[in-house]
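Enquirer: below is the sequence, then the predicted model.
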Amino acid sequence: MFSRPTSSSMAFPKKKLQGLVAATITPMTENGEINFSVIGQYVDYLVKEQGVKNIFVNGTTGEGLSLSISERRQVAEEWVTKGKDKLDQVVIHVGALSLKESQELAQHAAEIGADGIAVIAPFFLKPWTKDILINFLKEVAAAAPALPFYYYHIPALTGVKIRAEELLDGIQDKIPTFQGLKFSDTDLLDFGQCVDQNRQQQFAFLFGVDEQLLSALVMGATGAVGSTYNYLGKKTNQMLEAFERKDLSLALNYQFCIQRFINFVVKLGFGVSQTKAIMTLVSGIPMGPPRLPLQKASREFTDSAEAKLKSLDFLSFTDLKDGSLEASS
Ligand SMILES: CC(=O)N[C@@H]([C@@H](O)[C@H](O)[C@H](O)CO)[C@@H](O)CC(=O)C(=O)O
């Protein structure tokens, strides 16, 4: 249970953000406009077919930084509207290079009834110290004083290498709405220390490297945000359940199986464009092409990914049995 003391000015969520959070794709039409018409269907698909009831909107997978501010507002609004009474939590990524734009988006997220906001480090003119980064985040958080705030740590993309463990040290004194970390990095020492040093705070520790989630669960991750939960949510939920039951051998089977797929596509070249193609294939909902500078995934990629998904039984959602690790390729 979420038990952090609350101040009267803050509307904390009924419950802590935990479990799987799908980093949503922004569906687009063939001519590059946002395809709002499929978002309702997308919500139903996540909930009914993948068992995923939390979403992270306008992040990396959602091409948030490639959208205009007006588009980001409309996308956020559509997900909140279509997710009402269906989703548990809708977190909006409001990070931007301009503090003012970020604040505008944060305020907007509060107005439309989102459940939280997340922010990456500005990545062109960069903050070089922890204190400067905190100051930036604090100014954004202050624009939505009633919304839980998450820091989105993704150093490989932002180039801001300030360790999350350092950043979290005393963060709530500066940002009272701080409620958790989305950690999209493979440094498990940093992640483990974030958990170890902040257990008392009841923060959400959301891991963002899907192929390594089991290791992060061992380190104390309380949830996960990722692109593959759009179409491998059900499989990953089975892994979470096995971990919860302390059946580590079965949990490892699931993680290895998921790794086989991710390893396969990574070798072919994997990113947001390929995520769009795989999601279209698995869900049947057209995600469309990505926006420039990204390029549409090739036909060869989609065919190979489909064959791999079939060979791993990922299109039929059958349960893995303990020992199937040896049987599958
Ligand atoms: C760099 C990147 O896109 N990482 C993904 C992962 O889900 C990633 O696609 C997955 O682990 C496969 O490598 C997420 O961390 C990104 C994410 O949550 C987001 O879209 O904001």
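Expert: Sure, I can see it.
Enquirer: surely residue 54 and residue 89 touch.
Expert: Yes: counting by CB atoms under 8 Å, residue 89 is a contact partner of residue 54 at 4.6 Å. In this view, the C-beta of every residue, glycine as well, is placed from N, C-alpha and C.
Enquirer: joint contacts of those two?
Expert: 17, 21 (CB atoms under 8 Å, 6 or more residues apart in numbering).
Enquirer: so residue 254 sits against residue 235, correct?
Expert: Yes: assessed by CB under 8 Å, residue 254 is found in contact with residue 235 at 6.2 Å.
Enquirer: looking at those two, which is more packed in?
Expert: When residue 254 is set against residue 235 and neighbours are counted by other CB atoms under 10 Å, the residue ahead is residue 254, at 26 against 23.
Enquirer: what residue in this protein comes nearest to the ligand?
Expert: residue 59 (2.4 Å; CB to the nearest ligand atom).
Enquirer: so who does the closest residue to that residue other than its chain neighbours touch?
Expert: Nearest residue to residue 59 in three dimensions, chain neighbours excluded: residue 93, at 4.3 Å (CB to CB, 6 or more residues apart in numbering). Contacts of residue 93 were listed using CB under 8 Å, 6+ apart, and they are 56, 57, 58, 59, 62, 64, 117, 118, 119, 120, 152.
Enquirer: right, and the helix or strand after the strand or helix carrying residue 205?
Expert: For residue 205, the host element (DSSP states H and E) is strand 204-207. Next along the chain after strand 204-207, taking DSSP H and E as the criterion, comes helix 213-219.
Enquirer: and the residue nearest to residue 59, how close does it get to residue 225?
Expert: Distance of residue 93 to residue 225, given as CB to CB, to the nearest Å: 10 Å.
Enquirer: again with residue 138
Expert: 22 Å.
Enquirer: again with residue 34
Expert: In terms of CB to CB, residue 34 sits 21 Å off from residue 225.
Enquirer: residue 288 too?
Expert: Taken as CB to CB, the span from residue 288 to residue 225 is 22 Å.
Enquirer: comparing residue 34 and residue 225, which residue is more hemmed in?
Expert: residue 225 (29 against 20).
Enquirer: helix or strand for the residue nearest to that one when sequence neighbours are not counted, which one?
Expert: Of all residues not flanking residue 225 in the chain, residue 21 sits nearest, at 4.2 Å (CB to CB, 6+ apart). Residue 21 is part of strand 19-23 when elements are defined by DSSP H and E.
Enquirer: mind listing what's buried in that strand?
Expert: 19, 20, 21, 22, 23 (16 or more other CB atoms under 10 Å).
Enquirer: cool, stretch 238-252 as well?
Expert: Quick answer for stretch 238-252 (16+ other CB under 10 Å): 238, 239, 240, 242, 243, 250, 251, 252.
Enquirer: and the angle from whichever strand or helix holds residue 278 to strand 19-23?
Expert: Following DSSP H and E, one finds residue 278 within helix 272-283. Here helix 272-283 runs at an angle of 110 degrees relative to strand 19-23 (axes from the mean of the first three to the mean of the last three CA atoms, to 10 degrees).
Enquirer: who's in contact with helix 272-283?
Expert: Contacts of helix 272-283 (CB under 8 Å, 6+ apart): 25, 42, 45, 49, 60-61, 63, 227-228, 230-231, 265, 268, 285-290, 294-297, 301-302, 305-306, 309, 314-315.
Enquirer: kindly recompute the last result at 7 Å.
Expert: Contact with helix 272-283 is made by 25, 45, 60-61, 63, 227, 230-231, 265, 286-288, 290, 294-297, 301-302, 305-306, 309, 315, as judged by CB atoms under 7 Å, 6 or more residues apart in numbering.
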